[in-house]
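**Q** What would the 3D arrangement of this be:
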Amino acid sequence: MELELSTDGEELSETSETQDIDTDDLLELNQFDGLPFSSRYYKLLNERKGLPVWGAKCEFMDSLMSSQVVIVTGTAKTGGRGGVKDYLCSALRLALEIHQNQKHGDIVTFLATEQEIECAHAILRREGANLALSHGELVPVSLCPAQGDSLSVLSEGSKSRRVFLTCSPSEDLFWAVHSIRFVIDAGVQKRYVYNPRIRANSIVIRPISKSQAESRKQLAGPTGKCFCLYQEDTPLPAENIPHILESDITSTVLFLKRMEIAGLSHCDFIDRPGEIHFLYSLSNLYKFQ
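**A** As a prediction, the model looks like this:
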């Protein structure tokens, strides 16, 4: 019996050692390509675990899972390459302060992207519901360039205070709204810039022009206020770069060719694109011949 017990004990020991070896041999696989993680991955993982922000990861993930909106604030250049500008938070804070402290007048807020408008709309809708009993109803209204019918939401006669959220580079839509008393201007805009070398568009966030800034200030009227979320000495371009200089002109070149205008170099453009745009546009057309 003792011999059999010792044999069973040795077999159990060998089995556990085998299981440990098999466990050590198992490699964690990357879910995107199905390949094992490299040694560099584990090196970077250990370095990130040593960062102070790693300790707040669990708390942040819990907030992210339990809340619809999570606002993360920080000073300028927080996070280095991944830092997020805080003019959106400043715009929302201003809109809420105006609603609490000013009696009458709608608000127009100029942001840069549609994503910022969606985020701002959700936050103002939630915070406005909390302030409805004490300060009246606050109604956020999203207006994007791609939106079709905008006149219906701009109609007069609303008893509540409206906050118009727009990323349109033009303010012409709001000149007919006489109830606007406050303007919040982030001072930036989104532009699509075409690179003919790689034949692709890229999204670029740029400052608005001086003419845009002045027009937005006048939108508040003589009795209103305009809040500029940029420093007064910020250098702004006099005018925006014409879209034809930053767009794919292949369709334009094709139209000129169909009109039998062969000498493109002799065409009089109000704003003439660079020669490289013509060369790459012609090369694209030659591929279809």
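**Q** Can you list the residue ranges for strands in the protein?
**A** Along the chain, counting by DSSP state E, strands occupy 106-110, 138-143, 161-166, 180-185, 188-195, 200-207, 225-228.
**Q** And the helices in the protein?
**A** For the chain, applying DSSP state H gives helices covering 2-25, 39-49, 57-66, 87-101, 114-135, 210-219, 250-258, 275-286.
**Q** Could you measure from the closest residue to residue 184 other than its chain neighbours over to residue 120?
**A** Excluding the flanking residues, the one nearest residue 184 by Cβ to Cβ, 6 or more residues apart in numbering is residue 109, at 4.3 Å. Any C-beta I mention is one placed from the backbone N, CA and C, and that applies to glycine too. Distance of residue 109 to residue 120, given as Cβ to Cβ, to the nearest Å: 7 Å.
**Q** Look at these two and report which has more neighbours.
**A** Per other Cβ atoms under 10 Å, whichever of residue 109 and residue 120 has more neighbours is residue 109, with 26 against 21.
**Q** Show me the beta-bridge partners of the more buried one.
**A** residue 165, residue 184 (DSSP bridges).
**Q** gap between it and residue 254?
**A** From residue 109 over to residue 254 (counting by Cβ to Cβ), the distance is 40 Å.
**Q** Show me the shaky parts of the stretch 1-150 of the chain.
**A** 1-27, 31-34, 64, 67-85, 145-150 (pLDDT under 70).
**Q** If we use 80, what do you get?
**A** Applying pLDDT under 80 to the stretch 1-150 of the chain flags residues 1-35, 51-86, 132-134, 144-150.
**Q** can you list the domain ranges for this structure.
**A** The record's domain split for the chain, according to automatic domain parsing, is 2-50, 84-241, 244-286.
**Q** Packed most tightly, which of the ones you listed would that be?
**A** domain 84-241 (a mean of 16; mean count of other Cβ atoms under 10 Å).
**Q** list the residues that contact both of residue 109 and residue 120?
**A** 91, 165 (Cβ atoms under 8 Å, 6 or more residues apart in numbering).
**Q** Contact partners for the closest residue to residue 241 other than its chain neighbours?
**A** Nearest residue to residue 241, sequence neighbours excluded (Cβ to Cβ, 6+ apart): residue 191, at 7.8 Å. When contacts are counted by Cβ under 8 Å, 6+ apart, residue 191 touches 203, 204, 205, 206, 241, 246.
**Q** tell me which of the residues you listed is nearest to residue 88?
**A** Using Cβ to Cβ, residue 205 comes nearest to residue 88 of the contacts of residue 191, at 12.1 Å.
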